[in-house]
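[1] I would like to see how this sequence folds:
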Amino acid sequence: MSVNHYLIWIGLLILAGCGNKKNRPAGFEGKTKKDAISFAPKVTGRILKIYVTEGQTVKKGDTLALLDVPEVSAKIAQARGAVNAAAAQEQMARKGATADQLKQLQAKYRGLKEQYAFAQKSFDRATHMYNDSLMSPQAYDEAYAKLQGARAQYDAVVAEMDDVKKGTRLEKVEMAAGQASQAKGVLQEANVAYSERYVIATNDMEIETISLNTGELATAGFALFNGYIPGSTWFRFTVPESKIAGYKKGQQVNIQVAYNKEALNGSILYIKQLTRYADITTAYPDYQLQDAVYEIKVTPAEPEKAGNILVNANVLLK
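    Residues are numbered from 1 along each chain as shown. Predicted coordinates for the structure are as follows:
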């Protein structure tokens, strides 16, 4: 390429750049924003039914979807069984031995008492015979061992009888009560999880997208419904440091919507510095490299009127 052709090419680029600047709007371009919100299930389950559609506005407390959670149903059945068993243990600990158990213990006491008395008599006879040299030391030791065994069994049943008369120890009663309370807590947790099969709106919402369809698996925490909070429209602009002096917090400004030329009034809510150059919203980012870039958030004076503006639509700050 010759030098003349090169100079002509540079001149055309300069003229094109000047023409683009003439076509630029007078002011700073920005974007229309709304506060986003999403609803997700707390438990994992398969979607049985979806009660809303995209584009619909729902109110707080509305049912959005129903999930099938068979695992939770099984946990509820297990928890109920544990509650019944723990409650029976607590009741038994508080009431102590039953009448039949007491009869069995009394019969055991009488039988061991007779065995101990017989062992004592047998040992007394063995003692006389041993003293008269009529019994060997081995036989005498066996009689003594039988007496000690009968005495140990008799002492044990006497302790059991005494324990029954005094009632169940307080520690055992408290332990049984604690186990019953723990089982009830597990059942309550399972019931709460079962109630979470309904996905409920916790806030008013304009539904933009529904991520899954009926029959698909929705995992816990996955954003199933996405959208915006009604009446939360605001406008975002990015202004370079060299032009920020013309704006301040609380200032009243005029805004024009690009696609329908609608004029709106608003006030500056805040001005903050941006840390990334890519965060600018203007279509003509010819800022100086040394300039800091600031974000201006403008809230509309008439939120209902601004609510009809499309999200991410271009707007002009005049």
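[2] what domains does the record give for the protein?
    According to automatic domain parsing, the chain comprises the domains 25-34+231-317, 38-69+198-228, 74-192.
[3] CSV please, covering the ones you listed and showing mean neighbour count and mean pLDDT.
    For glycine as for every other residue, the C-beta is placed from the backbone atoms N, C-alpha and C. As requested, those are exported to CSV (neighbours: other C-beta atoms under 10 Å; pLDDT from 0 to 100):
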stretch, mean neighbour count, mean pLDDT
domain 25-34+231-317, 15, 85
domain 38-69+198-228, 16, 92
domain 74-192, 14, 76
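[4] which other helices and strands contact the helix or strand where Leu147 lies?
    If you go by DSSP states H and E, Leu147 is part of helix 137-166. The helices and strands touching helix 137-166, judged by 3 or more C-beta pairs under 8 Å, 6 or more residues apart in numbering; DSSP states H and E, are helix 99-131.
[5] residue nearest the centroid of the chain?
    Residue closest to the mean C-alpha point of the chain, counted by C-alpha atoms, centre = their mean, is Lys42 at 6.3 Å.
[6] nearest residue to that one other than its sequence neighbours?
    Glu196 (4.4 Å; C-beta to C-beta, 6 or more residues apart in numbering).
[7] Next, the residue lying farthest from the centre of the chain: phi, psi?
    Among residues of the chain, the one most distant from the C-alpha centroid is Asp132; the distance is 86.3 Å, by C-alpha atoms, centre = their mean. The phi/psi pair for Asp132 (degrees, to the nearest 10) reads phi -90, psi 10.
[8] That one and Ala126, how far apart?
    11 Å (C-beta to C-beta, to the nearest Å).
[9] shared neighbours of the two, anything?
    Shared contacts of Asp132 and Ala126, defined by C-beta atoms under 8 Å, 6 or more residues apart in numbering, are absent.
[10] what's Ala201 in contact with, if anything?
    Phe39, Val58, Lys59, Lys60, Gly61, Asp62, Thr63, Leu64, Phe225.
[11] Repeat the analysis, applying 7 Å as the threshold.
    Phe39, Val58, Lys59, Lys60, Gly61, Asp62, Leu64 (C-beta atoms under 7 Å, 6 or more residues apart in numbering).
[12] The second one and Leu147: what is the separation?
    Pointing back at Val58 there. 86 Å.
[13] ok, now the fifth one?
    Taking C-beta to C-beta as the measure, Gly61 and Leu147 are separated by 80 Å.
[14] One more: the first one?
    Taking C-beta to C-beta as the measure, Phe39 falls 80 Å from Leu147.
[15] Quickly find the element holding Ile207.
    strand 205-210.
[16] ranges for the strands of this protein?
    28-33, 36-39, 45-50, 57-58, 63-68, 198-200, 205-210, 217-218, 225-228, 234-240, 252-257, 263-273, 293-300, 314-317 (DSSP state E).
[17] how about those in TSV, adding distance to Val158?
    As requested, the strands of the chain are exported to TSV (distance: least, C-beta to C-beta, whole Å):
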stretch	distance to Val158
strand 28-33	84
strand 36-39	68
strand 45-50	60
strand 57-58	73
strand 63-68	61
strand 198-200	61
strand 205-210	74
strand 217-218	65
strand 225-228	71
strand 234-240	85
strand 252-257	95
strand 263-273	84
strand 293-300	85
strand 314-317	94
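[18] Of all those strands, which one is nearest Gly246?
    strand 234-240 (8.3 Å; C-beta to C-beta).
[19] The closest one packs against which elements?
    Applying 3 or more C-beta pairs under 7 Å, 6 or more residues apart in numbering; DSSP states H and E, one finds that strand 234-240 contacts strand 28-33, strand 293-300.
[20] quick one: strands adjacent to it?
    strand 28-33 (antiparallel), strand 293-300 (antiparallel) (DSSP bridges).
[21] export these to JSON lines and tack on distance to Ser267?
    Below are these laid out as JSON lines (distance: least, C-beta to C-beta, whole Å):
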{"stretch": "strand 28-33", "distance to Ser267": "14"}
{"stretch": "strand 293-300", "distance to Ser267": "6"}
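[22] closest one to Arg151 among the ones you listed?
    Nearest to Arg151 among the strands paired with strand 234-240 is strand 28-33 (90.6 Å), distances taken as C-beta to C-beta.
[23] CA-only coordinates of that closest one in CSV, if you can.
    Provided in CSV are the C-alpha atoms of strand 28-33 (Å, rounded to 0.1, in the frame of the first residue of the first chain):
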residue,chain,number,x,y,z
PHE,A,28,-25.2,8.9,29.5
GLU,A,29,-26.8,5.7,28.5
GLY,A,30,-27.8,3.2,31.1
LYS,A,31,-29.9,0.1,31.7
THR,A,32,-33.3,-0.6,33.3
LYS,A,33,-33.0,-3.0,36.3
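[24] Between strand 252-257 and that strand, find me the angle.
    80 degrees (axes from the mean of the first three to the mean of the last three C-alpha atoms, to 10 degrees).
[25] Could you pull up the contacting residues of Thr233?
    Thr32, Lys34, Pro300, Pro303, Ala306, Gly307, Ile309 are the contacts of Thr233 under C-beta under 7 Å, 6+ apart.
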